[in-house]
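Undergrad: quick one, fold the following:
(2 chains)
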2 protein chains.
Amino acid sequence: MLEALTPPARGFPLGEFAQRLARAQSFMELNQLDALLVTSPQQVRYFTGFESQLWESPTRSWYVVLPAGGDRPVAVIPEVGATGMASTWIQDIRTWPAPVPEDDGITLLSDALREIAGVGGRVGAEFGREVHLRMPINELDKLRQTSGVTLVDGTDVIRRCRHVKSEYEIAKLRYVCQLASASFAEVPEMLQQEHTEISLAREFRNNISARGADSTPYLVAIAGKGGYENIVMSPTDRPIGRGDVLIIDTGATYDGYFCDFDRNWAIGNVDAEVVRAYESVWAATEAGIATAVPGATSSDVWRAISDVLEGAGSLGNSSGRFGHGLGMQLTEPPSNIEGDETVLVEGTVLTIEPAMEFSPGRLMVHEENIVVRAGGAELLSVRAAPQIQVLPAN
Amino acid sequence: MLEALTPPARGFPLGEFAQRLARAQSFMELNQLDALLVTSPQQVRYFTGFESQLWESPTRSWYVVLPAGGDRPVAVIPEVGATGMASTWIQDIRTWPAPVPEDDGITLLSDALREIAGVGGRVGAEFGREVHLRMPINELDKLRQTSGVTLVDGTDVIRRCRHVKSEYEIAKLRYVCQLASASFAEVPEMLQQEHTEISLAREFRNNISARGADSTPYLVAIAGKGGYENIVMSPTDRPIGRGDVLIIDTGATYDGYFCDFDRNWAIGNVDAEVVRAYESVWAATEAGIATAVPGATSSDVWRAISDVLEGAGSLGNSSGRFGHGLGMQLTEPPSNIEGDETVLVEGTVLTIEPAMEFSPGRLMVHEENIVVRAGGAELLSVRAAPQIQVLPAN
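TA: Numbering: from 1, shown residues only, chains lettered A, B, ... in the order given. Okay, here's the model as predicted:
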């Protein structure tokens, strides 16, 4: 039943990290930065390879400093993580026995920043959009006042680095998209049994886990008579039955990389307007995919999708965009919105996600995952059928 | 095989939220605050009941403002969340079509803060330890400069509220601890098959999911010959075999509440020093549990555990503490460390977590979950056996 797909090797060769640092350093030069400080799980993992589920605990702060010159980042981390960090390519690891409420690594970090960036040096940090500084604001304020370096926004460096995926990253993204595609293909079989949103979500989660996904942090399963009214709330104990339109949207991970796409089904019977709405978002997806070539912008993708949906009589779209970047996070920059002039390049990974309110309070959302290639978009997800699938009701 | 436990009802009665707000308001008075601003998933959920997996996306900021007077919080949120928020007890919901990079809700939030706290009012925010402000720092700086209110540290209010669990919260915590206990009891059966750390972790995750857990954000499965050397890294493809000491530590959730405890096994055979180390951490856990009575402090719990482990010849403990608070997060304040004078009260939920390096590079960690009651601690997890269980090797 579960066909085996071959998982790409976990982790990355050393050269991948050296290349990430070198690219970061070139963008640091562009931003006149003497160092880059990162604190959040994705940034730390991106530049070091360090991963730990201990991020789930908010108690301890973790710091990694990238020098403008020099050949490796420096880690300033809780002692509990020293063994793990030592298994990465990082060599300079400075620890304290966190938690120490009086001084939870701030003196150690200040010293490292002065040493690496120089007194008065400019240190980029996660101050911008779509990144979160993972340290107490009181400690940031202390660092700003006493470190002797100037903390400025370093988001541009992070964003430029992560915007272009390497082939190693793309292989992980493709794999997890394939896992999710295979699980979506089995939803009709799952629905031969009676299900609530919660029980179906659980079976779907187990299915994708059994195939090889590491986790499924995002899993929305929502059904509504003649259409669903939102796409962000968690599954409920509502039974799925005749007349429902069902959407499952999932962000599963493999080795730290996400898929993010959805599928729709009708149960028992289906209104003509649901059929049409599905065809419209499917066609809008085609238009978005066709537009995603090197040199196009996120805004171009938005417009291509928007034109189709407006032509189909869309009443609006509460999600505010038609897809976004994808990688180590469920959503990454850019946003497919009007006015986002981010230029797509080879290696940009995007979700193409048309959404329309096709009648008051009823939504239809479609989504595929692609990587931008020289010759145009390559699908990472297995393309959905052009018509909505109607499943027998129990 | 899977005995059914009865899950507590999801969500909370309205009175629970009203009580949370009333308690927050009393602590706001203590801190001379005119309003409290919260931005992170746990705080928003705690005060509103709103939950969404969309938190997984870093793109949008979400704001909830608690007035010092007044009977409900005010939500200032992305339009995509409006339907969901409207299903909670919140009535005043203000939205914008996020993402809007030029002004992503900051003007809307500024207006709300001035209206609620008054010009020059003091607004508490998540600035302290073990909370994370979930909004871009650039936008925080803008808010500080232009909102007309004074943003100060509001962590004390959040901490005092969440430190004491209601019976509704305790029921959810007990349930998820029972689920994990039942899954732990089946590990010997799982290990009748050959497993790597990853495959065992996956089977454990599926097992606890099938029982009724919603998610398992924390799942460490580490094996090492004669002992493991860390307890925070993710499972690897290392086969589990004869001579190994295996630990599984899990944080699973039900309706937003975590368990956090571990179990140890020896495979095939076991060194005398492993047997002794296990008995020592088990005895230290007994001492910690016995100390956790109303009026005792986290420091008292630490000392009781520390005395036993020092007597047993511990070489140290890299995790920096012997347990912590537990609730909507895997770890919450307080920390069981020397000098944490947080007073335990009826309704405090704690992990009791002795850890010792029993020989160089080899750790033994034990953990149970308790709630402090008038008569002493009530166990939420099913107490581990006093001797390490030795399982047959494959």
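Undergrad: when you work out contacts or count neighbours from here on, use the C-alpha atoms and nothing else.
TA: OK.
Undergrad: show me the contacts for A:Asp111.
TA: A:Ser147 (CA atoms under 8 Å, 6 or more residues apart in numbering or on different chains).
Undergrad: where does pLDDT dip in chain A?
TA: Segments of chain A classed as low confidence (criterion: pLDDT under 70) are A:1-4.
Undergrad: could you chop it up by domain?
TA: Each domain of chain A is listed here as a residue range: A:14-162, A:164-391, per automatic domain parsing.
Undergrad: comparing these, which stretch has the densest surroundings?
TA: Ranked by average neighbour count under the criterion mean count of other CA atoms under 10 Å in any protein chain shown, those are headed by domain A:164-391 at a mean of 21.
Undergrad: and B:Ile337, which of the domains of chain A is closest to it?
TA: The stretch from these with the least distance to B:Ile337 (CA to CA) is domain A:14-162; that distance is 8.4 Å.
Undergrad: A:Ile247 reaches A:Asn264, doesn't it?
TA: Yes: at 4.5 Å, A:Ile247 and A:Asn264 qualify as touching, with contact defined as CA atoms under 8 Å.
Undergrad: ok, now which ones touch the residue lying closest to A:Val157 once chain neighbours are set aside?
TA: Distances taken as CA to CA, 6 or more residues apart in numbering or on different chains place A:Phe27 nearest to A:Val157, at 5.3 Å, with adjacent residues excluded. A:Phe27 makes contacts with A:Asp156, A:Val157, A:Arg160, as judged by CA under 8 Å, 6+ apart.
Undergrad: and the gap between A:Phe27 and chain B?
TA: Here A:Phe27 is placed at a distance of 20 Å from chain B (CA to the nearest CA, to the nearest Å).
Undergrad: that residue is in what secondary structure piece?
TA: Here A:Phe27 sits within helix A:14-30, counting by DSSP states H and E.
Undergrad: what of A:Ala277?
TA: When secondary structure is defined using DSSP H and E, the element that contains A:Ala277 is helix A:272-291.
Undergrad: chain center to that helix, what's the gap?
TA: Once both centres are worked out by CA atoms, centre = their mean, to the nearest Å, helix A:272-291 turns out to sit 23 Å from its chain's centre.
Undergrad: what do you get for stretch A:366-381?
TA: On CA atoms, centre = their mean, the centre of stretch A:366-381 falls 15 Å from the chain's centre.
Undergrad: ok, residues contacting that stretch?
TA: Applying CA under 8 Å, 6+ apart, the set of residues contacting stretch A:366-381 from outside is A:170, A:173-174, A:177-178, A:180-181, A:259-264, A:278, A:281-282, A:285, A:289-290, A:292-294, A:323, A:344-355, A:383.
Undergrad: can we see that at 7 Å?
TA: A:174, A:177-178, A:181, A:260-263, A:281-282, A:289, A:292-294, A:345-355, A:383 (CA atoms under 7 Å, 6 or more residues apart in numbering or on different chains).
Undergrad: can you pull out the strands in the stretch 101-250 of chain A?
TA: Assignment of strands within the stretch 101-250 of chain A using DSSP state E, counting those that start in this stretch yields the ranges A:122-125, A:150-153, A:215-225, A:244-254.
Undergrad: in JSON lines: the ones you listed, plus distance to chain B.
TA: Putting these into JSON lines (distance: least, CA to the nearest CA, whole Å) gives the following:
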{"stretch": "strand A:122-125", "distance to chain B": "9"}
{"stretch": "strand A:150-153", "distance to chain B": "8"}
{"stretch": "strand A:215-225", "distance to chain B": "6"}
{"stretch": "strand A:244-254", "distance to chain B": "9"}
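Undergrad: what's the closest of these to B:Val76?
TA: Evaluated with CA to CA, the strands of the stretch 101-250 of chain A place strand A:215-225 nearest to B:Val76, the distance being 23.0 Å.
Undergrad: what packs against the helix holding A:Ala277?
TA: With contacts defined as 3 or more CA pairs under 7 Å, 6 or more residues apart in numbering or on different chains; DSSP states H and E, helix A:272-291 has these neighbours: helix A:298-311, strand A:349-352, strand A:362-365.
Undergrad: can those go into TSV with extra columns for distance to chain B?
TA: Listed next are those as TSV, based on distance: least, CA to the nearest CA, whole Å:
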stretch	distance to chain B
helix A:298-311	13
strand A:349-352	13
strand A:362-365	12
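Undergrad: ok, the closest residue in space to A:Ser52 that isn't next to it in sequence - contacts?
TA: Nearest in space to A:Ser52, with sequence neighbours left out and distances taken as CA to CA, 6+ apart, is B:Met233 at 5.0 Å. Listed by CA under 7 Å, 6+ apart, the contact partners of B:Met233 are A:Glu51, A:Ser52, A:Gln53, A:Gly84, B:Val220.
Undergrad: inside helices: which ones of these?
TA: Among those, the ones falling in helices (DSSP state H) are A:Gly84.
Undergrad: which pair of the contacts of B:Met233 spans the longest distance?
TA: Every pair in these was compared (CA to CA); the two farthest apart turn out to be A:Gly84 and B:Val220, at 13.0 Å.
Undergrad: wait, which of the helices and strands packed on helix A:272-291 is closest to A:Leu66?
TA: Ranked by CA to CA, the member of the helices and strands packed on helix A:272-291 that lies closest to A:Leu66 is strand A:349-352, at 25.0 Å.
Undergrad: which strands and helices sit next to that closest one?
TA: The criterion is 3+ CA pairs under 7 Å, 6+ apart, and the helices and strands that strand A:349-352 contacts are helix A:272-291, strand A:324-325, strand A:368-373.
Undergrad: who's in contact with the first one?
TA: The list of residues contacting helix A:272-291 from outside it, by CA under 7 Å, 6+ apart, reads A:300-301, A:304-305, A:308-309, A:312, A:352-355, A:358, A:364-366, A:377, A:386-388.
Undergrad: swap in the shortest one?
TA: Contact partners of strand A:324-325, identified using CA under 7 Å, 6+ apart, comprise A:Thr331, A:Glu332, A:Pro333, A:Pro334, A:Ser335, A:Asn336, A:Val349, A:Leu350, A:Thr351.
Undergrad: so what's the residue lying farthest from the centre of chain A up against?
TA: Seen from the C-alpha centroid of chain A, the residue lying at the greatest distance (CA atoms, centre = their mean) is A:Val119, 36.1 Å away. Under the criterion of CA under 7 Å, 6+ apart, the contact partners of A:Val119 comprise A:Gly148, A:Val149.
Undergrad: what's the distance between it and chain B?
TA: Relative to chain B, A:Val119 is positioned 23 Å away (criterion: CA to the nearest CA).
Undergrad: ok so, going back, pick the one among the contacts of B:Met233 closest to B:Val38.
TA: Top of the list for closeness to B:Val38, among the contacts of B:Met233 and by CA to CA, is A:Gln53 at 24.5 Å.
Undergrad: skipping adjacent residues, who's closest to the closest one in space?
TA: Nearest residue to A:Gln53, sequence neighbours excluded (CA to CA, 6+ apart): B:Tyr218, at 5.8 Å.
Undergrad: surely that neighbour is in contact with B:Phe258?
TA: No: with contacts counted by CA atoms under 7 Å, B:Tyr218 stays clear of B:Phe258, the gap being 9.6 Å.
Undergrad: need the overlap of contacts for these two.
TA: By the contact definition CA under 7 Å, 6+ apart, B:Tyr218 and B:Phe258 are jointly contacted by B:Gly251, B:Ala252.
Undergrad: can you show me the helices along the stretch 101-250 of chain A?
TA: Taking DSSP state H, counting those that start in this stretch, the helices of the stretch 101-250 of chain A run over residues A:106-117, A:137-146, A:155-163, A:167-185, A:187-190, A:197-211.
Undergrad: Throw the contacts of B:Met233 into CSV and include distance to A:Pro78, thanks.
TA: Shown next, in CSV, are the contacts of B:Met233 (distance: CA to CA, whole Å):
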residue, distance to A:Pro78
A:Glu51, 14
A:Ser52, 12
A:Gln53, 14
A:Gly84, 11
B:Val220, 18
